[in-house]
Structures are given as structure tokens and as C-alpha cells.
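Chemist: Generate a structure from the sequence data that follows.
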Amino acid sequence: MNRVIPCVLMRAGTSRGPFFLRDWLPQDEVARDEALIGAIGASDLLQVDGVGGGSTLTSKVAIVSRSSQPDCDVDYLFAQVGVGQKSVDTRPNCGNMLSGVAPFAIEQGLVAAQDGETTVRVFNVNTKSRIEVTVLTPNRRVIYEGQTGIDGVAGTAAPIRLNFLDAWGSVTGSVFPTGQRIDVIDGLDVTCIDAAMPLVILRARDLGLSGRESPTELDGDRALLARIEHIRRLAGERMGLGDVSDSVVPKPVIASAGDDDHSITSRYFTPRRCHASHAVTGAIGVATAFALPGTVASAAVMRAGARNVAVLHPQGRIDVEVAIEGEGSEARIQRAALVRTARKILQGDLHIPDYVFSNPTAGDKPMKHLIAPALAAALTVATPAAMAYPDKTITIVVPTAAGGGNDAMARTIAQKLGPLLGQTVIIDNRAGAAGAIASEFVARAQPDGHTLMFGYIATHAMNPALQKLRYDPVADFAPVGLVGYSPTLLVATPSAPFKDVRELVAQLKAKPDQYMYASAGNGTAPHFAAELFKLNAGVSMIGVPYKGAAPAVSDTLGGQTQLMFPSFFTALPHVKSGKLRALAVAGPKRSALLPDVPTLKEAGVDGVDVQQWYGFFAPAKTPKPVIEQLNKALNQVLNDKEIIKRIEDHGADVETSTPEQFGALVKSELVKWKGVVQRAKLTAD
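Modeler: Next comes the predicted model:
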């Protein structure tokens with residue numbers, strides 16, 4: 001029997017795919033992805049059994065819902081479905097599909113249309129970034145007909161303006177996640193950049209190319225494709241994305257000179273084939289690299305303010321308006337905007353064969369605007385009390401970017417936890433808002449033990465103590481168990497003009513506001529430690545919040561910031577390599593791993609004692625037997641000598657607990673840090 005799901009098929013920009021309201025799809029992520037695979041017909045290269053077109057450009061899906069963000073109208077989750085393989089990747093964004101989100105949301109009643117034009121603020125769930133999308137709505141109705149043409153699409157249509165507000169560093173937490181604007185990988189100069197889409201940009205001439213080759217020519221050069229893929233994988237590691245062998249990001253770009261001082265030629269890969277035209281998000285990234293100095297793609301003529309950049313691709317051009325603030329190494333992109341078009345192709349019911357689902361049902365009734373009650377019941381995961389736990393993949397949500405200390409610790413534990421539980425355990429990095437994005441997600445997840453959180457002092461004590469959040473760190477979670485502790489370390493760039501805390505304090509007093517410290521976000525341990533240091537040392541310095549420790553450390557390594565208070569787990573490898581200088585321990589005692597580094601109290605600054613802790617949480621109302629099973633497995637992992645050594649080698653101390661002991665710790669820490677907030681007069685700003 002087929003499952004019947006409402007669907008709107010749209011051409012959006014130069015892409016095409018089905019648009020769904022989130023409520024139309026199964027709420028369980030595994031069943032949802034299986035539905036998308038069946039909808040597209042991903043199993044074969046031609047995709048004859050679905051609405052895909054045998055290309056990555058026509059195997060795309062948009063999932064839309066009312067936004068969970070207070071300053072946005074709708075949430076947009078993009079999914080890239082496989083071609084000839086059963087895969088769904090929700091890590092990248094797609095700017096072309098984005099152009100269809102606002103018309104779809106208005107027509108589905110998520111946003112009220114204005115007379116004339118309507119601007120919809122979209123939150124891209126994949127990259128945690130915001131985009132304002134403006135569509136024409138005369139007489140409060142969306143129109144698709146118009147006179148605007150875009151290269152790569154026949155005919156004309158109504159213009160849709162995309163204004164990217166905060167797409168820079170949205171995936172890795174930093175525009176230049178390696179800390180440099182040019183890296184050398186496999187003997188070639190490359191620029192690793194995260195601007196709307198993580199990219200690794202190469203010069204065409206360095207590859208022996210003109211840069212004007214057709215996609216067919218490039219795809220036919222197997223040696224070239226193999227080298228680009230090798231560079232892409234190495235770049236992914238350096239960008240903090242881990243092993244990107246099975247990921248579509250970062251995307252490779254071959255850049256060359258444009259037709260004038262305001263254009264650049266680009267060949268964009270998806271990532272193992274050259275794009276027939278160009279992705280919108282990729283165009284934003286290329287335009288950003290062109291507009292900023294010091295990259296492999298920088299323009300010959302630099303200037304601050306707004307400028308139009310033409311990204312030339314095999315089927316024409318994409319015009320991007322970028323606004324640049326500052327000059328030289330201080331230049332930053334404020335926003336980027338461009339125009340796309342979209343067209344609704346058809347709307348109706350999509351029939352998905354039952355064989356694509358791992359848990360097939362007896363049959364479904366057709367649906368119109370929402371999942372019919374019978375189907376909703378069929379798709380609901382069995383109640384935990386009635387099922388053998390675990391019965392599917394377990395997701396550990398990490399509230400920081402890939403590559404940081406929290407991420408490394410969670411992945412270390414996950415490798416051993418999966419075999420013990422008899423299921424695959426995957427990591428889902430949801431960085432941003434000092435862990436609030438990840439915390440809200442887990443707090444609202446189904447309480448069946450298949451969605452867990454690697455929480456820490458920031459998510460369940462500091463940030464909730466600092467500001468009112470959309471989750472309760474106690475009421476919305478079921479503690480599973482403690483993992484351990486890690487002291488906080490004050491580090492500086494080796495080139496900084498001070499060698500110890502005494503000289504640092506003197507510099508900060510002599511030159512107020514001339515030094516910047518990086519944090520993993522306001523409300524995190526590096527933020528609290530820095531603010532307590534300022535208070536107790538009587539100094540001033542500027543705070544720069546990032547979406548996690550990894551990008552914060554990256555910019556400190558690169559010299560964009562001079563100071564940071566990371567955990568030992570995060571900082572120790574960089575201290576040992578000489579890339580960071582350890583000045584002091586922000587804790588009660590010295591570390592045996594760095595015996596010559598004094599405590600801040602020994603260095604003359606008392607009252608800065610920030611010891612970070614880590615642990616696992618499940619959503620509230622997760623059945624007690626499931627929590628007990630998870631706690632037992634977690635403690636077994638943490639008693640493994642190999643795991644203990646790997647964690648302790650990074651400066652953290654492993655400590656286990658019962659769920660009740662961990663819950664008591666969270667409550668006491670919350671009280672402690674609320675007191676610190678009041679005494680230090682800390683704010684979230």
C-alpha cells in the first residue's frame with residue numbers, strides 16, 4: 001500500500017523539488033528521510049520511481065514550518081537527497097530552493113500576505129542563519145509571472161529578492177574557519193571560507209586550467225576530479241567539519257578572472273561534479289571571497305561600502321550585492337542580496353511506496369492539508385514502555401560546532417556507546433545561542449531515549465542563569481549521567497605583547513578596549529570566565545562571541561582575537577603545539593599536564609574559578625528504565641581505560657554518577673551561577 005502525502009512541486013531558482021509542510025511528513029526523522037527517499041526516487045540514477053530528475057539539482061527538498069525563532073516567520077529545513085543512493089543530507093543549505101520558501105509559506109497560510117509585496121524572514125535550520133525573502137503579492141496574492149530572467153532558466157518570472165543577514169560562519173562559526181585567508185593544501189593555495197556555504201576555493205591557473213572550461217570538460221577529467229576531492233577532504237578536516245567523505249560540504253570552487261573588475265568566473269562543484277550553472281549559496285561565498293582582501297579570489301580593486309559582484313558561471317551570471325565594512329584585514333561582510341525567481345509546477349498528493357519504509361504500515365488514507373489521523377497514528381513511534389530499547393539510531397545532539405572539545409568528547413564516547421547499546425550512534429552538531437538551539441531541540445524531542453544531548457555547564461547552568469530561555473534546564477530534561485570535569489585555561493596568541501598575567505593586566509589597563517577575547521558564545525564558560533577576570537582584575541577588553549569553542553579557538557589561533565578562556569580539553573593540543581600560550585589556570589589548582597602554568601590566584605587575580613562539567617541528558621518524561629539503561633551503558637564506557645586515557649590526555653577528569661546525583665549537581669550549579677550573575681552584574685549583551 002502507498003502512503004499519501006500532500007506536496008507542492010516547485011522550480012526554485014535553478015533547482016527543483018518537492019516542498020512540504022513539516023506536519024505533512026512523519027515526525028520521526030528516520031521515517032521522514034525514508035519518505036523523502038521514496039518521494040524523489042533516490043534509489044536509482046534516473047529516479048524514474050519518484051519526482052527527482054536524475055541530478056543533484058532536481059533531487060532537493062524543502063521542509064517548511066512556523067518558526068521556533070522569535071524574530072523569524074518560518075523555519076526552512078533543506079534536504080539534499082541522493083542520486084542512485086538512499087541518502088538524505090540536511091547539513092548544507094540551498095539558496096535556490098530558498099527562493100520558493102516564501103511563496104510556499106504564504107500560500108499555505110503560514111504568513112499573511114501584504115498588499116504589494118511581502119517580506120518573509122526565514123530561519124534556515126541547516127545553517128542557523130536568517131534570510132529575508134521578498135515576493136510580489138499584489139491584492140495579497142502571490143504571483144509567479146513577471147519579466148525577471150535568471151541565467152539557467154528559460155523564460156521570465158516575478159522577482160524574488162533574497163537578503164542574507166547572518167550567513168557568515170553559519171556552519172563552522174567563522175568566516176575563515178582555519179584562521180587564515182589562504183591555506184596551502186596538497187601544494188596549492190586555497191581559501192577555506194564559510195559564507196552561506198562552506199567552500200574550498202582554488203585558482204584555475206594553479207590547476208593548469210583557464211577557468212572557462214565547460215562542466216562536461218571538467219567532469220571528464222578524472223585525475224582532476226580525484227585531486228579536487230582529495231583537497232576537499234583535507235580542507236574539511238581543517239575547517240572543523242571532520243571526515244567529509246560522505247558529506248556534500250565543503251563545496252569545491254575553481255575561480256578565475258571575470259570580464260572586468262567587478263566580476264569573477266566560477267566553476268562550482270556539487271561536490272563531485274561541476275554544477276551546470278551555480279548554486280546561490282555558493283555565489284554568496286564566492287562573492288564574499290572576491291570582495292574581501294587576502295583570499296585566492298580577491299578582487300584587484302578593493303573598497304568598503306556596497307558593491308555589485310557578478311559571479312560568472314557556465315550558463316550566465318548571478319549578480320550579488322555585498323556590503324563591506326572596514327578595510328584591509330579588518331574588512332567584514334555585513335550582508336549580501338540577490339534576485340531569484342520561482343514557479344509552482346503542481347500541487348497535489350504524492351504517493352510513496354510502502355517498501356521504502358523500514359516500518360511499513362497496513363495502508364493510508366489520502367491526506368489534504370495535514371496528516372490524516374489514521375496515518376499519524378501509524379507513523380507514531382511505539383510507546384517506550386511497549387518497545388525494546390533502543391530500536392533505531394540514537395542521535396547525540398552536541399550544542400557546539402564540530403571540532404571543539406565538547407564535540408571531540410561526545411564522539412569519543414559515542415564510538416563505544418553504540419556497540420554497547422546495539423545501535424548506531426550519530427552526532428548532530430547544533431551550535432549557536434550558547435547551546436540554546438540544541439537545548440530547545442532536545443527538550444522538545446520525543447522522550448523515547450533515541451535523542452540525547454551532550455550538555456555542559458553553559459547549557460544547563462550558566463546560560464540559563466544569565467537570561468530567560470525557551471527551555472528549562474531542570475524541568476525539560478532527564479539527567480542521564482555525568483561525564484567529567486575540565487578546568488578553564490587562560491590562553492593568548494604567541495605574538496601577543498605580554499608573557500604572563502601581570503604583563504597582560506598592565507597592558508589592559510594601559511590600553512583599555514584594545515584587546516579582544518573570544519568566547520564560545522554569551523552565557524558559556526569562556527564568556528563567564530573572561531567577564532569575571534575583567535571584574536576581579538579591574539580591566540577592560542572586548543568580547544567576541546562565536547557559535548562554539550572550535551571557531552573561537554580558530555580565530556584566536558589566527559590572531560583575530562588575542563585571548564580566550566577555553567576548557568583544558570579544547571586548549572591543550574594547541575598549547576602543546578605552541579600555537580597558543582597558556583597564561584594561567586582559572587581554577588583552584590595547577591594541572592599536572594601543565595605544571596609550570598600558575599593559577600590565576602597565584603598570578604594575582606583571585607575569584608575566577610570556572611571548572612566546566614559535562615554530561616548526558618534526555619528529554620523530560622523519558623521512561624526511567626530507559627534512563628537507567630543509558631546510565632549503565634555510559635558509566636561502562638567511562639570505566640573503559642582507553643576512553644579514560646583519551647579524555648585525560650586532553651586535560652579533563654572522568655567522573656561518573658547516577659542520574660539522581662547528576663540532577664542534584666545541575667540544580668546546585670544553577671543556583672551558584674545565578675549568584676555570580678548578580679554579583680558580577682553580567683548581562684547577555
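Chemist: Next, the most centrally placed residue in the chain: phi, psi?
Modeler: Averaging the C-alpha coordinates of the chain gives a centre point, and the residue nearest to it by C-alpha atoms, centre = their mean is residue 171 (3.6 Å). Backbone geometry at residue 171, expressed as degrees, to the nearest 10, gives phi -100, psi -50.
Chemist: With residue 198 as the reference, measure out to it.
Modeler: Distance, residue 171 to residue 198, using C-beta to C-beta, to the nearest Å: 5 Å. Bear in mind the C-beta positions are built from the backbone N, C-alpha and C, glycine included.
Chemist: ok, now residue 29?
Modeler: For residue 29, the distance to residue 198 - C-beta to C-beta - is 23 Å.
Chemist: the more surrounded of the two?
Modeler: residue 198 (30 against 19; other C-beta atoms under 10 Å).
Chemist: ok, and what's touching the helix or strand hosting the more buried one?
Modeler: Assigned by DSSP states H and E, residue 198 falls within strand 197-203. The set of residues that contact strand 197-203 without belonging to it, under C-beta atoms under 8 Å, 6 or more residues apart in numbering, is 92-93, 95, 171-172, 177, 185, 188-193, 228, 231-232, 235-236, 239, 241, 249-256, 279, 281-282, 284-286, 289, 295-297.
Chemist: how about a cut-off of 6 Å?
Modeler: 171, 190-193, 232, 235, 249-255, 281-282, 285, 289, 296-297 (C-beta atoms under 6 Å, 6 or more residues apart in numbering).
Chemist: among those residues, which are in helices?
Modeler: Filtering these for membership in helices, criterion DSSP state H, returns 232, 235, 281-282, 285, 289.
Chemist: I'd like those residues laid out as a markdown table, including neighbour count and pLDDT.
Modeler: As requested, those are arranged in a markdown table below (neighbours: other C-beta atoms under 10 Å; pLDDT from 0 to 100):
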| residue | neighbour count | pLDDT |
| --- | --- | --- |
| 232 | 24 | 96 |
| 235 | 26 | 96 |
| 281 | 31 | 87 |
| 282 | 29 | 92 |
| 285 | 32 | 93 |
| 289 | 29 | 95 |
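Chemist: which of those residues lies closest to residue 122?
Modeler: Using C-beta to C-beta, residue 281 is the member of these that sits closest to residue 122, with 13.1 Å.
Chemist: Looks like that closest one contacts residue 196 (just checking).
Modeler: Yes. At 4.1 Å, residue 281 counts as touching residue 196 under the criterion of C-beta atoms under 6 Å.
Chemist: count of neighbours near residue 299?
Modeler: Once other C-beta under 10 Å is used to define contacts, residue 299 is seen to have 21 neighbours.
Chemist: if I pick it, what's in contact with it?
Modeler: For residue 299, the contacting residues are residue 290, by C-beta under 6 Å, 6+ apart.
Chemist: my read is it is in a strand, agree?
Modeler: No. Note on residue 299: no strand contains this position according to DSSP: H, G, I helix; E, B strand; the rest coil, which reports coil.
Chemist: Would you mind measuring from it to residue 350?
Modeler: Distance of residue 299 to residue 350, computed by C-beta to C-beta: 45 Å.
Chemist: and if you look at residue 584?
Modeler: 60 Å.
Chemist: Please say which of these two ends up with more neighbours.
Modeler: In terms of neighbours (other C-beta under 10 Å), residue 584 is the more surrounded of residue 584 and residue 350; the figures are 26 against 22.
Chemist: quick one: what helix or strand has that one in it?
Modeler: Per DSSP H and E, residue 584 falls inside strand 581-586.
Chemist: for that strand, packing partners?
Modeler: Secondary structure elements in contact with strand 581-586, counted by 3 or more C-beta pairs under 6 Å, 6 or more residues apart in numbering; DSSP states H and E, are strand 477-492.
Chemist: follow-up on the earlier one: other residues contacting the strand holding residue 584?
Modeler: Contacts with strand 581-586, where a contact means C-beta under 6 Å, 6+ apart, come from 487-492, 494, 501, 529, 565, 575, 591, 594, 597-600, 603, 608, 610.
Chemist: Next step: these restricted to helices.
Modeler: Secondary structure assignment by DSSP H places 501, 529, 575 of the contacts of strand 581-586 in helices.
Chemist: Of those - the most surrounded one?
Modeler: For the ones in helices among the contacts of strand 581-586, neighbours were counted using other C-beta under 10 Å, and residue 529 has the most, 27 neighbours in all.
Chemist: Surely that one and residue 610 touch.
Modeler: Yes. The pair residue 529 and residue 610 passes the contact test of C-beta under 6 Å, sitting 4.2 Å apart.
Chemist: any common contacting residues for those two?
Modeler: By C-beta under 6 Å, 6+ apart, residue 529 and residue 610 have these common neighbours: 488, 586.
Chemist: where along the stretch 51-200 of the chain do the strands fall?
Modeler: Along the stretch 51-200 of the chain, the segments classed as strands by DSSP state E, counting those that start in this stretch run 60-66, 74-81, 88-89, 116-124, 129-137, 160-164, 183-185, 188-195, 197-203.
Chemist: Filter the contacts of strand 581-586 down to the buried ones.
Modeler: 487-492, 501, 529, 565, 575, 591, 594, 597-600, 603, 608, 610 (16 or more other C-beta atoms under 10 Å).
Chemist: Assumed residue 675 was part of a helix.
Modeler: Yes. The assignment for residue 675 (three-state DSSP) places it in a helix.
Chemist: Quick check: the gap between it and residue 668.
Modeler: Distance of residue 675 to residue 668, given as C-beta to C-beta: 11 Å.
Chemist: what's the nearest residue to residue 495 once chain neighbours are set aside sitting at in phi/psi?
Modeler: Nearest in space to residue 495, with sequence neighbours left out and distances taken as C-beta to C-beta, 6 or more residues apart in numbering, is residue 559 at 6.7 Å. Geometry field for residue 559 lists phi and psi as phi 90, psi 0, criterion degrees, to the nearest 10.
Chemist: residues near residue 559, how many?
Modeler: Other residues near residue 559 come to 14 when the count uses other C-beta under 10 Å.
Chemist: likewise residue 310?
Modeler: Residue 310 is flanked by 20 other residues according to other C-beta under 10 Å.
Chemist: repeat for the one 10 residues further on
Modeler: Burial of residue 320, expressed as a neighbour count using other C-beta under 10 Å, amounts to 26.
Chemist: same for the helix or strand containing it, what does it pack against?
Modeler: In this structure, residue 320 is located in strand 316-325 according to DSSP H and E. Strand 316-325 sits against helix 280-291, strand 305-313, strand 332-340, with contacts defined as 3+ C-beta pairs under 6 Å, 6+ apart.
Chemist: Can you tell me which of the ones you listed is most buried?
Modeler: Ranked by mean neighbour count under mean count of other C-beta atoms under 10 Å, those are led by helix 280-291, which reaches a mean of 29.
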